[in-house]
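A.B. asks: A structural model of the following input is requested.
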Amino acid sequence: MKKLLLPLFMLSLLVPEVFAQTPEERGLEIVTEADRRDTGFGDSQAGMVMILRNRAGDESTRELRVSTLEMSGDGDRSLTIFDHPADVSGTAFLSYTHALDADDQWLYLPALKRVKRITSKNKSGPFMGSEFAFEDLTSPEIQKYRYKYLRNEKLDGRNTYVIERYPAYENSGYTRLVTWLDQERYQPLKVEFYDRKDALLKTLMLDNYKQYLDRYWRANRMTMVNHQTDKSTELTWSDYRFKTGLTERDFDQSSLMRAR
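C.D. replies: Numbers count the residues shown, from 1 in each chain. Coordinates of the predicted model:
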């Protein structure tokens with residue numbers, strides 16, 4: 001029996017090594033769980049106030065409406081419509097996120113009365129003068145990134161997972177994104193964006209979370225700060241509604257010109 005005990009003991013020491021996750025596997029596991037918790041909402045509509053601030057602190061405000069449709073087997077579709085001020089009223093942005101293929105995005109400019117397609121090379125550019133890029137406005141489909149778990153860390157008193165994401169799609173303006181994800185509710189609380197030279201470009205903070213349908217958490221405030229220009233954009237969300245009956249027809253290209 002003693003001859004058997006030693007090999008069994010040595011095997012027990014090796015088991016944790018055999019089944020230990022790599023940082024990449026752990027990162028993917030965490031992100032997959034976050035995605036699972038946010039799946040199944042169907043569709044949503046919400047109002048938004050966008051505040052643009054320049055280096056001197058001067059502000060300009062825009063009012064928008066955002067509709068989102070969850071697609072089975074693909075990424076979400078979203079339609080953003082500007083209502084105020086008058087110089088941007090009627091401007092509409094349509095986005096189709098894809099899990100594997102390049103995303104499709106179109107911008108309708110009422111002054112020109114035409115729809116402009118956003119090419120993949122232009123998706124790192126700013127959206128309507130804000131600190132959000134066009135590529136920031138797509139749903140974060142799991143397959144679009146590679147992942148790496150970095151560490152556990154406290155952020156404002158909350159336990160978080162710190163996950164690094166690397167864009168797997170072409171023409172991204174970022175080399176990597178670092179996300180602080182709440183360990184209890186799997187809410188993103190902070191995201192750092194690193195530019196093509198791997199320098200810190202922007203930081204996004206998300207707070208004032210509210211739960212809908214007893215399941216889905218949404219941040220009612222998002223603040224993006226550009227560290228290289230000292231500009232910022234704050235998004236304040238309101239009047240969330242879910243399962244409103246939106247269909248694919250509400251998100252076709254003709255919906256851009258119907259937007260009012």
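
A.B. asks: in stretch 181-197, what's buried?
C.D. replies: For stretch 181-197, a neighbour-count test (16 or more other Cβ atoms under 10 Å) marks 181-182, 186-195 as buried. Every C-beta, even on glycine, is put in place using the N, C-alpha and C of the backbone.

A.B. asks: wait, which of these is closest to Gly40?
C.D. replies: Closest approach to Gly40 among those (Cβ to Cβ): Tyr186, at 14.5 Å.

A.B. asks: Tell me if I'm right that that closest one and Arg37 touch.
C.D. replies: Yes: the pair Tyr186 / Arg37 is scored as a contact, 5.4 Å apart, by Cβ atoms under 8 Å.

A.B. asks: follow-up on the earlier one: can you list the buried residues of stretch 181-197 in JSON lines and add distance to Asp87, secondary structure and pLDDT?
C.D. replies: Listed next are those as JSON lines, based on distance: Cβ to Cβ, whole Å; DSSP: H, G, I helix; E, B strand; the rest coil; pLDDT from 0 to 100:
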{"residue": "Leu181", "distance to Asp87": "38", "secondary structure": "strand", "pLDDT": "98"}
{"residue": "Asp182", "distance to Asp87": "39", "secondary structure": "strand", "pLDDT": "98"}
{"residue": "Tyr186", "distance to Asp87": "39", "secondary structure": "coil", "pLDDT": "98"}
{"residue": "Gln187", "distance to Asp87": "35", "secondary structure": "coil", "pLDDT": "97"}
{"residue": "Pro188", "distance to Asp87": "32", "secondary structure": "strand", "pLDDT": "98"}
{"residue": "Leu189", "distance to Asp87": "34", "secondary structure": "strand", "pLDDT": "99"}
{"residue": "Lys190", "distance to Asp87": "33", "secondary structure": "strand", "pLDDT": "99"}
{"residue": "Val191", "distance to Asp87": "30", "secondary structure": "strand", "pLDDT": "99"}
{"residue": "Glu192", "distance to Asp87": "33", "secondary structure": "strand", "pLDDT": "99"}
{"residue": "Phe193", "distance to Asp87": "28", "secondary structure": "strand", "pLDDT": "99"}
{"residue": "Tyr194", "distance to Asp87": "33", "secondary structure": "strand", "pLDDT": "99"}
{"residue": "Asp195", "distance to Asp87": "30", "secondary structure": "coil", "pLDDT": "97"}
